[in-house]
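1. task: produce atomic coordinates for the following.
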Amino acid sequence: MSRNALIVGINQYRHLSPLKAPAVDAEAIAQRLERDSDFRVMRIPEVAPEGKPSVGQQTVVSLAQLEDALIQLFKPEGNQYPDTALLYFSGHGLWKEKGIAEGYLATSDTNPSARFYGLSLTWLRRLLEESPVRQQIIWLDCYHSGALLDFAEADPGDRGRGRDRCFIAASRNFELAYEDLGSDHSVRTRALLEGLEPGRLGDRWATNLSLTDFITETLKRELQTPICNNSGEPINLTRRWQAAAETTTPVATTGICPYKGLSYFDWNSDDPNYFYGRQALTDELLDHVRTDNFLAITGASGSGKSSVLRAGLLHQLQQGRRIGGSDRWDIRLFLPGDNPCQNLAAAFIDGGISHIERAEQQGKAEALIKEGADGLRRLVQTTASPRVVLVVDQFEEVFTLCQDAAERAHFFATLLGALDSCGDKLCLILAMRADFVGRCFEQDYSGLAQQ
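-> As a prediction, this is how the structure comes out:
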């Protein structure tokens, strides 16, 4: 397996303020990969005093140099491309607001006055989407002055060919870079280096999943938390090569039957460990939740909708590995039953409380749901979590079990009205049998069919 890494740290700029940290940070990342991984490392800019390569602190990098190196890394001519490609960039980031807003990675020849901004993040995303490289790793640590960069421009998610990807990006005000930390490295690069420390996990590989877990937890109190997104299968990054001799451990019998028959794989501590074969679909659902606030999962009866919803999507959201920070989201799952409004209210009752407290919360929630969309909005807005994920499994029960047409209409109006008024604070997920999709078109139902 061939694994190549391009490490870029740009200190020198002709028309922007010079920086001190990028070359130092980039060299630390390069040395970590050379020492604790099997990546072949290329540095830009590279100097080699006494024959030892390092990231140049006084050397300039042109846009042409950076573009050529990225093309060689991710989309070289012919069929000689690596199995894994890693890009680390530290330097200025720019945000062009006039006309079509767009983000850039600034090279030394960047000149905003001449409308020359550097490497387009949109161009980088398209390169990644078209790249034949199976495992792609992007780490961007940008300095900015003014508006923050929109790194969604550069993140391909799971678009393009089937790929394993790790995307970590952050920007911060360059004037505060050295005030963050009493060391040679920025806060974010230090977290990256510590997350890649092989001894932290014993003899196991540090992967993109363990890395993003570590970074998210370490930097959760930072004002500008990084974007950490993963898709596809785990990617091995670093490990301790002088590992202790392997010992054979007998396989313990858990007593758990991994075959569910007609039952679904649930959202709990056991079932996700035995849920296989729906990785691509789970990644697609995660991408929808990452970028939108409404998702409908439909399929034939027995096709596995509830399993991929619960053991796939909800499990990954709870882990917080594929979408940075999703482990802090408040997930509320319920079935409509014959009284969907009452069950919606019950979804907002906290667990582990007394019967008296439960009755009080149920009464308050039901009163708010009776108010309709505004009441649900208030329930959502009072939640301390940054996002509420409201999940309605077996949504067809609204038609099969609920016999009250007025309650059904109120239920739809409450859900969809709150969805419009809550913005990104609320994400609504429905799972429904495909043969009931047509029922959503029978009436207006507050725009359900249009969703």
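
2. for stretch 381-391, what is the average pLDDT?
-> For stretch 381-391, mean pLDDT rounds to 92.

3. list the buried residues for it?
-> Burial within stretch 381-391, assessed by neighbour count using 16 or more other Cβ atoms under 10 Å, is assigned to 387-391. Placement of C-beta: from N, CA and C, glycine included.

4. and the helix of greatest length in the chain, how far out from the chain's middle?
-> Taking DSSP state H as the assignment, the helix of the chain that covers the most residues is helix 405-422. Relative to its parent chain, helix 405-422 has a centroid offset of 29 Å by Cα atoms, centre = their mean, to the nearest Å.

5. also stretch 34-54?
-> Relative to the chain's own centre, stretch 34-54 is displaced by 30 Å; criterion: Cα atoms, centre = their mean.

6. contacts for it?
-> Residues lying outside stretch 34-54 but in contact with it, judged by Cβ atoms under 8 Å, 6 or more residues apart in numbering, are 1-10, 26-27, 30, 33, 55-56, 59-61, 65-66, 69, 73, 84, 86, 196-198, 237-241.

7. among these, which are in strands?
-> Among these, the ones falling in strands (DSSP state E) are 3-9, 55, 84, 86, 237-238.

8. looking at this structure, which helix or strand is least sure?
-> Each helix and strand of the chain was given a mean pLDDT (mean pLDDT, DSSP states H and E); the minimum falls on strand 164-173 at a mean of 80.

9. okay, now the domains of the chain?
-> Domain assignment for the chain by automatic domain parsing gives 3-238, 271-447.

10. which residues does the nearest residue to residue 27 once chain neighbours are set aside contact?
-> Nearest residue to residue 27 in three dimensions, chain neighbours excluded: residue 55, at 4.3 Å (Cβ to Cβ, 6 or more residues apart in numbering). By Cβ under 8 Å, 6+ apart, the contact list for residue 55 reads 7, 9, 23-24, 26-27, 30, 43-47.

11. CA atoms only for stretch 351-366, dumped as CSV, please.
-> The C-alpha trace of stretch 351-366 is given here as CSV (Å, rounded to 0.1, in the frame of the first residue of the first chain):
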residue,chain,number,x,y,z
GLY,A,351,-35.4,9.8,31.3
GLY,A,352,-34.5,8.7,34.9
ILE,A,353,-37.1,10.9,36.6
SER,A,354,-39.9,10.1,39.1
HIS,A,355,-43.5,9.3,38.2
ILE,A,356,-44.6,12.7,39.5
GLU,A,357,-41.9,14.6,37.6
ARG,A,358,-42.8,12.6,34.5
ALA,A,359,-46.5,13.5,34.8
GLU,A,360,-45.6,17.2,35.2
GLN,A,361,-43.3,17.2,32.1
GLN,A,362,-45.9,15.2,30.1
GLY,A,363,-48.6,17.8,31.0
LYS,A,364,-46.5,20.8,30.1
ALA,A,365,-45.3,19.2,26.8
GLU,A,366,-48.9,18.2,25.8
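
12. buried residues, that stretch. List them.
-> Buried residues in stretch 351-366, defined by neighbour count with 16+ other Cβ under 10 Å: 361, 365-366.

13. low-confidence ranges in the stretch 201-350 of the chain?
-> Applying pLDDT under 70 to the predicted model, the residue ranges of the stretch 201-350 of the chain that meet it are 222-224, 241-277.

14. of the contacts of residue 55, which belong to helices?
-> Among the contacts of residue 55, the ones falling in helices (DSSP H) are 23-24, 26-27, 30.

15. between these, which is nearest residue 379?
-> Minimum separation from residue 379 among the ones in helices among the contacts of residue 55 (Cβ to Cβ) is found for residue 26, which lies at 47.2 Å.

16. OK, contacts around the spatially closest residue to that closest one that is not a sequence neighbour?
-> Leaving aside its sequence neighbours, residue 26 sits nearest to residue 9 (Cβ to Cβ, 6+ apart; 2.7 Å). The neighbourhood of residue 9, defined by Cβ under 8 Å, 6+ apart, consists of 22-27, 43, 55, 89-91.

17. where does the residue lying farthest from the centre of the chain land on pLDDT?
-> Here the chain has its C-alpha centre computed as a mean, and the residue farthest from that point, by Cα atoms, centre = their mean, is residue 50 with 42.2 Å. The pLDDT attached to residue 50 in the predicted structure is 81.

18. give me the phi and psi angles of it.
-> Here is the backbone geometry of residue 50 (degrees, to the nearest 10): phi 60, psi 30.

19. so how far is residue 326 from it?
-> The gap separating residue 50 from residue 326 is 48 Å, by Cβ to Cβ, to the nearest Å.

20. same thing with residue 92?
-> Counting by Cβ to Cβ, the gap between residue 92 and residue 326 amounts to 30 Å.

21. hang on, the earlier thing: and which of the buried residues of stretch 381-391 is nearest residue 122?
-> Residue 122 lies nearest to residue 387 out of the buried residues of stretch 381-391, by Cβ to Cβ, at 26.4 Å.

22. noted, bye for now.
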